[in-house]
Structures are given as structure tokens and as C-alpha cells.
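K.L.:
Need coordinates for the below:
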Amino acid sequence: MSSTPYMPLYIGDYLADTTDLTTEQHGAYLLLLMAMWKKGGHLPDNAAKLAQICRVTARRWPAIWEAIEQFFVVEDGTITNDRLRAARENADKTATKRAEAGSKGGTAKALKEKARPVANATAGLKHSHISMSEDGGGGSACARDPDLTDRERILEAIGVDPVSGLTGRGGCRLGTQADMAEARLWLELPGMSIGAVCDEIRRIMSEKADGPPSSFRYFTQAMRRLSAALEQPALTPLQVIPGGKANDRIRFDAAHREFTRRLAAGEIQRGPDPSDPFAFR
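P.N.:
Model (predicted):
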């Protein structure tokens, strides 16, 4: 499998730029983009090859190319799309970083075990920064990868492509600037951190049967509840305060046990007795 299997597609921008294309021209344009992504951002400037990629005849190709040529740059015997090329180069860089991080997994694990006391001591520190970046490499990624942005960690926890944020159903896209503003509010809650946020999202998604939500706001109430739980003081043993109903009951039970003991031992007779908790005063 390619190290960059996810090609970002900005639905709104695409539709705005292609309002005058026919269905056939849409298909050819998208097929070229997908083939270009797989080939590293370029395709040969060869009419027969391009027609074959678009599943049309060589006779039909010139009319189709005339309609979609505006979206491509022809240079040095190849064609490319500037936006796709930039996204592919960025994706390749991020994929390389992740591969390098994965090769160091054994060392990282050993260091993590060694540093566990430090991690526990600093667990209460609040994460104060969340990346607004919406670019990066494709493919799934481990949430503990230090090269991931906070946006990618959240999207990975939800279970969608951590680069494009596309849910794969209806073109819904998560991780927008509005979503990241909502996530920043989570991290400003008392006791919250990016790790706690991602763990809570995974827990919620494990119980959600209908797939990813339409926005990050779906998780906001859960994050508030989690913050409140994290800020709860530790439970302490019940302290009996002199006076009050609770203390009256404790004294009553003690007096009753002592009266029962003395009665069974023959020290007193049943009837009015100052030690009898049931005696009328």
C-alpha cells in the first residue's frame, strides 16, 4: 500500500471551480488527479496515455482536454496540478517523518518506561497550544506519535483520515477552523490535556454505532463532564462532627449496645434506667 493513500479533496473549492464541467469532464478531471497523486504529483504529457487514464477514446480526448486543461500546468514533458503537487510533497515529508519515528519505536518505548515517574508528576499540567494546521501527510497514524499535530491526534481518535478530515460519507469534513476553535475551548477547561481529550473521544467513538459526528461540538458536553470529574477533590473518610443527627445516631447505637450487654449480664433489670436508651425521660 502507498504510504500516502489519502488524497485531500476540498469539496467546496472543487465544486466552485468546476461549475461549467459536464459529468464526463468531471470524471476525466478526477481520474487524472487520482492518477497524478499515485504517481507522485506528475503525469506524462502524452495524449494517448492521458486518454487511457480517463477511459475515453483517443478521438474523444481532445474535446475533453480542452475543457479541463485550465486546471493543469504543462512543463518539461509532464502535466501537474499546483495544489495537488504541493499537498503530495507535504504528504511525502510527513510520511517520511512517521516512518523514521516508527523505526525508533523500541528506543522510544524504553525511554517512556524510564520517564514514567516524571510523566506522572507532570500529568496535571494543562496543554496550552493546539495546532490550527490542516495540512500534512496521509495515512493512519498512532496518537502517541510526537510528530502529529493536535488536530491530527483528535482526528485519529475519531477514526477519520488525520490529514483531510473527511469522514468518507457525504463529504463531511472534520477538523475545520471552527472545530479547532471548539477543541481549544476543551483544553482551556480545568484539568484537561490533549491526551485526556483523545482518550475520551476514543471511549465515545467505541460506543457510537453510526460513525463520526458532523462536528467537534458533538464531544463538548462530554469534555465538560470529564473536566468536572478530573477536578473533583479526592474522597476522605467521613468525619463525625459533634452534634447533629448523624452524631445523635452514633451515641444512641453505642448506648443501646451497652444497655443490652448489662441486661444480658444481669447487672440491671428491664425497666426505667438512666442507661436505657428507650427509657422515657
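K.L.:
how's this protein carved up into domains?
P.N.:
Domain ranges of the chain: 11-86, 123-230, 241-281, per automatic domain parsing.
K.L.:
what's the most buried one of the ones you listed?
P.N.:
domain 123-230 (a mean of 17; mean count of other C-beta atoms under 10 Å). From N, CA and C alone the C-beta is placed, and that goes for glycine too.
K.L.:
What score does Asp76 have for pLDDT?
P.N.:
Per-residue pLDDT puts Asp76 at 89.
K.L.:
Asp45 versus that one, what's the distance?
P.N.:
Look at Asp76 and Asp45: by C-beta to C-beta, to the nearest Å, they are 9 Å apart.
K.L.:
quick one: terminal-to-terminal distance for stretch 31-48?
P.N.:
One end of stretch 31-48 sits 15 Å from the other (C-alpha to C-alpha, to the nearest Å).
K.L.:
ugh, wrong one, I meant stretch 213-222
P.N.:
By C-alpha to C-alpha, the extent of stretch 213-222 from end to end equals 14 Å.
K.L.:
do the same with stretch 72-89
P.N.:
This stretch, stretch 72-89, spans 17 Å end to end (C-alpha to C-alpha).
K.L.:
Show me which residues of stretch 83-101 are buried.
P.N.:
By 16 or more other C-beta atoms under 10 Å, the buried positions in stretch 83-101 come out as 84-85, 87-88, 90-92, 94-95, 97-98, 101.
K.L.:
pLDDT on that stretch, on average?
P.N.:
Mean per-residue pLDDT for stretch 83-101: 81.
K.L.:
so what pLDDT did the nearest residue to Gly159 once chain neighbours are set aside get?
P.N.:
Distance criterion C-beta to C-beta, 6 or more residues apart in numbering; nearest residue to Gly159, sequence neighbours excluded, is Met205 at 5.7 Å. Here the pLDDT value assigned to Met205 is 90.
K.L.:
thinking Met205 is in contact with Val160, fair?
P.N.:
No: if you go by C-beta atoms under 8 Å, Met205 and Val160 don't touch, sitting 9.9 Å apart.
K.L.:
Touching both of the two, which residues are there?
P.N.:
Residues touching both Met205 and Val160 by C-beta atoms under 8 Å, 6 or more residues apart in numbering: Pro212.
K.L.:
where's the residue at minimal distance from the centre of the chain, which helix or strand?
P.N.:
Centroid-nearest residue in the chain: Ile154, 2.2 Å away (criterion: C-alpha atoms, centre = their mean). Element membership for Ile154, per DSSP states H and E: helix 150-158.
K.L.:
Which strands and helices lie in contact with the following helix or strand past that helix?
P.N.:
Next in sequence after helix 150-158, counting helices and strands by DSSP H and E, comes helix 177-187. Here helix 177-187 touches helix 150-158, helix 194-207, helix 220-230, going by 3 or more C-beta pairs under 8 Å, 6 or more residues apart in numbering; DSSP states H and E.
K.L.:
how about Leu30, phi and psi?
P.N.:
phi -70, psi -40 (degrees, to the nearest 10).
K.L.:
Appreciated, that's everything.
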